[in-house]
Each structure stands twice: as C-alpha cells, then as structure tokens.
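Enquirer: Requesting a structural model of the entry that follows:
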Amino acid sequence: MDIFSAAVQGIVQGLTEFLPVSSSGHLTITQHVFGMQEDNLFFSVMLHIGTLAAVVGVYIKLIIGLIKEFGLMVKDIFTGKFKWKKMNSQRNMVMMVIIGLFPLFLLFLPIPGTDMKIKDIADVFSKNGYFIVVGIALMTTSLLLFIGDRKNKKTAIAYEKKGLLNKNGSGRNRYSVIDALTVGITQCFAALFPGLSRSGSTLVASEIRGINKQTALDYSFILGTPAIVAAAFLEGKDALFPDDGKTVTIDYLPVIIGMIVAAVVGFFAIKLFKWLLKTDRMYVFIIYTAVVGLIVTVISIIELTKGTNLFHPEQTLVF
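Expert: As a prediction, this is how the structure comes out:
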C-alpha cells in the first residue's frame, strides 16, 4: 500500500467512523472504486486505533471522570454502600455503558450449519459481489436518521409544552436498563451491514427512547470506545499472528500516516457532528446517505448484470 492510499483511507475512516454515514460502507466504496483488493487487516486495526485517539481527544474529561466514578462505584459495591436509585449522572452513565456492551457477545455466537460466527456476516457483505448491500444499508441509514430527527422534534414540542426544557434541550438525560440494552442491540445489528451507520443507528435508538440528543450522542461515542478497543485487540491478534503461521510483513510508514490522518480527521468530525446535531442540521446526513445509497444501488445493479466491477472491468464480482 502506498502513502496516498493510506492517507485517503485514513481520511475516509476518520470522517465516516463518527459522522452518521457508516465508515465500513465508505471504506467498501473507496476500495471498490479504486480497485483495492488487498485485505490489510493490520492497517484496518491501526485506523481504528487512530479513531479511538480522536474519541479520547474530544471526550478526555468525560472519560477520566467516568473511570474515576467506576473506581468509586466498585469501592461502594464491596463496602455495601452502592445504591442503584441514588446513582449520580456519571455513575448512571458508567453502569449503562457496561449494560449496553453486553449485547456485543451476541456477535460471537456461531451460525448453525456453518463455521462462521454472527460477526463474520460483515466480512461476507464487504465483498464486491454484495456491493448492493452497501447501497441499501446507506438508504436505511437515511431513513433511520429521518425517523430519529422527527422523533426528537416531537419530544422537543412535548417538553416545551410542559415547560421541561433544560440547558441541553429536550428529552431525558439518564438511561434506563431498557434504554442501554436497546442501544447495545442496535449497535450489534449495525456492525453486520457495511453502510448501516453505527453512530447514526445508536443515536436514533436513544432518541426513539426519549433520550436528549446531546446525551444520546455522548453515550453513543463512549459506548463505541470499548467496542473499538475490543475489535482492535481481536483483529490485531489475528493480523500479527495468523492461523496459517505465515510471517507478517508490515510497511509501517503508510500505517502510521493512515493512523495519524484518521485521528486528526476523526477529532474534527466529532466536533462537526456535535455542532450539526445541536443546530438541527441532521438533514445534511439524511440527504447525503440517501443520495449516495441510491447511486451505489444503481451501480451495483449494473455490475450484477455485467458480472464485473464497473470501475475495474478486469475484476469479477466475488460472493
């Protein structure tokens, strides 16, 4: 992989990991258009590390506060002082993040009749023969964002009538167990389909449950952090120590450049997302994902009739 390709994929990863447009979908589109067929698992892992650095950069104060609160909560549990109904907002966030992560274990369940796990479905749909899945998933993301935006506006109207608006706007600022599990299951589902945005889907799930949109966005990013760490650890292990025992050769310069680009772009992408959500400009993402999804779907239908990649006719479709 050359430096230019690494930088391009770093930009795509940094932008789309946090904006509600699907990083996996856009990386698939990028690789499809540029004819990138190599499966560089280690590079993919390092891009995720870069985006993890972006989350930490934006939410460093909140993350430190949650880590401290987790330590205090553990102490209270062992000393018998823990009270579920008396949790402060940070302790509630810690507990709900933990609960929201439980559904991730569903991804490791085996699929009957195959040697695959549920999480492997994403790898299947990433093949160029399933390019149409990306298009349909992007249009689904657009629909979900539209539903979430409408729900948020209805919640705002209801809260305004009751005089319950606060500095963060409308909606609840605390999660319940049902809220956390709903968002956690949504995150798992989004992980299976390239083009279905994780951040967008989890945000909408929270909004439908009546959570304040800024609280929902913060929860979505914090919930995604342990998932990124776990994925990087598992995929990193597979990348560095493959089952076939082959020696892994790594060109570190493109990897480092891609990781740095993903981190810097990701940092500003989070800031942009928070501002657009706060100023009610979600229609930008609704329109964008709908248009891109439609274009990808049309292209994929043409490709399915020809049996080859439209941009690289020498590449046959792989299923």
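
Enquirer: can you give me phi and psi for residue 18?
Expert: Phi and psi for residue 18, reported as degrees, to the nearest 10, are phi -110, psi -30.

Enquirer: Number of residues surrounding it?
Expert: 30 (other Cβ atoms under 10 Å). In short, each C-beta sits where N, CA and C put it, glycine included.

Enquirer: my read: it touches residue 220, true?
Expert: No. Contact between residue 18 and residue 220 fails when scored by Cβ atoms under 8 Å: they sit 9.2 Å apart.

Enquirer: Show me whatever sits in contact with both of these two.
Expert: Residues touching both residue 18 and residue 220 comprise residue 199, with contact defined as Cβ atoms under 8 Å, 6 or more residues apart in numbering.

Enquirer: what sits against residue 59?
Expert: Going by Cβ under 8 Å, 6+ apart, residue 59 touches 218, 221, 222.

Enquirer: Same question for residue 17.
Expert: By Cβ under 8 Å, 6+ apart, the contact set of residue 17 is 23, 48, 51, 54, 199, 262, 266, 269.

Enquirer: buried stuff in stretch 79-86?
Expert: residue 82 (16 or more other Cβ atoms under 10 Å).

Enquirer: what's it in contact with?
Expert: Under the contact criterion Cβ under 8 Å, 6+ apart, stretch 79-86 has outside partners 73, 75, 76.

Enquirer: Buried ones in the helix or strand containing the last one, by neighbour count?
Expert: Pointing back at residue 76 there. Residue 76 belongs to helix 41-79 when assigned by DSSP states H and E. For helix 41-79, burial by neighbour count (16+ other Cβ under 10 Å) applies to 42-55, 58-59, 66, 69-70, 73.

Enquirer: now that helix, how far from the centre of its chain.
Expert: Centroid separation for helix 41-79 versus its chain: 16 Å, with Cα atoms, centre = their mean, to the nearest Å.

Enquirer: swap in stretch 290-304?
Expert: The chain centre lies 22 Å from the centre of stretch 290-304; the measure is Cα atoms, centre = their mean.

Enquirer: repeat for stretch 175-187
Expert: 15 Å.

Enquirer: If you count neighbours, what's buried in it?
Expert: For stretch 175-187, by 16+ other Cβ under 10 Å, it's 175, 179, 180, 181, 182, 183, 184, 185, 186, 187.

Enquirer: Which of these sits closest to residue 126?
Expert: Proximity of the buried residues of stretch 175-187 to residue 126 (Cβ to Cβ) peaks at residue 187, which lies at 18.1 Å.

Enquirer: Surely that closest one is in contact with residue 223?
Expert: Yes. Counting by Cβ under 8 Å, residue 187 touches residue 223, with 6.6 Å between them.

Enquirer: any shared contact partners between those two?
Expert: Taking Cβ under 8 Å, 6+ apart as the contact rule, residue 187 and residue 223 both touch 100, 202.

Enquirer: Need the residue closest to the centroid of this protein.
Expert: Ranked by distance to the mean C-alpha position of the chain (Cα atoms, centre = their mean), the top residue is residue 198 at 3.4 Å.

Enquirer: quick one: it from residue 220, how far?
Expert: According to Cβ to Cβ, to the nearest Å, residue 198 and residue 220 sit 8 Å apart.

Enquirer: Check residue 306 too.
Expert: 39 Å.

Enquirer: cool, residue 212 as well?
Expert: Taken as Cβ to Cβ, the span from residue 212 to residue 220 is 12 Å.

Enquirer: Could you report the distance from residue 307 to residue 125?
Expert: From residue 307 across to residue 125, the span is 18 Å (Cβ to Cβ).

Enquirer: One more: residue 62?
Expert: Look at residue 62 and residue 125: by Cβ to Cβ, they are 33 Å apart.

Enquirer: do residue 315 as well
Expert: In terms of Cβ to Cβ, residue 315 sits 17 Å off from residue 125.

Enquirer: More neighbours: which of the two?
Expert: Looking at residue 315 and residue 125 with other Cβ under 10 Å, you find the greater number of neighbours at residue 125, namely 22 against 15.

Enquirer: Would you agree that one is in contact with residue 135?
Expert: No. Applying Cβ under 8 Å, one finds residue 125 not in contact with residue 135, separated by 11.5 Å.

Enquirer: and the helix or strand encompassing residue 139, what other elements does it pack with?
Expert: Assigned by DSSP H and E, residue 139 belongs to helix 131-162. Counting by 3 or more Cβ pairs under 8 Å, 6 or more residues apart in numbering; DSSP states H and E, the packing neighbours recorded for helix 131-162 are helix 23-34, helix 198-208, helix 283-306.
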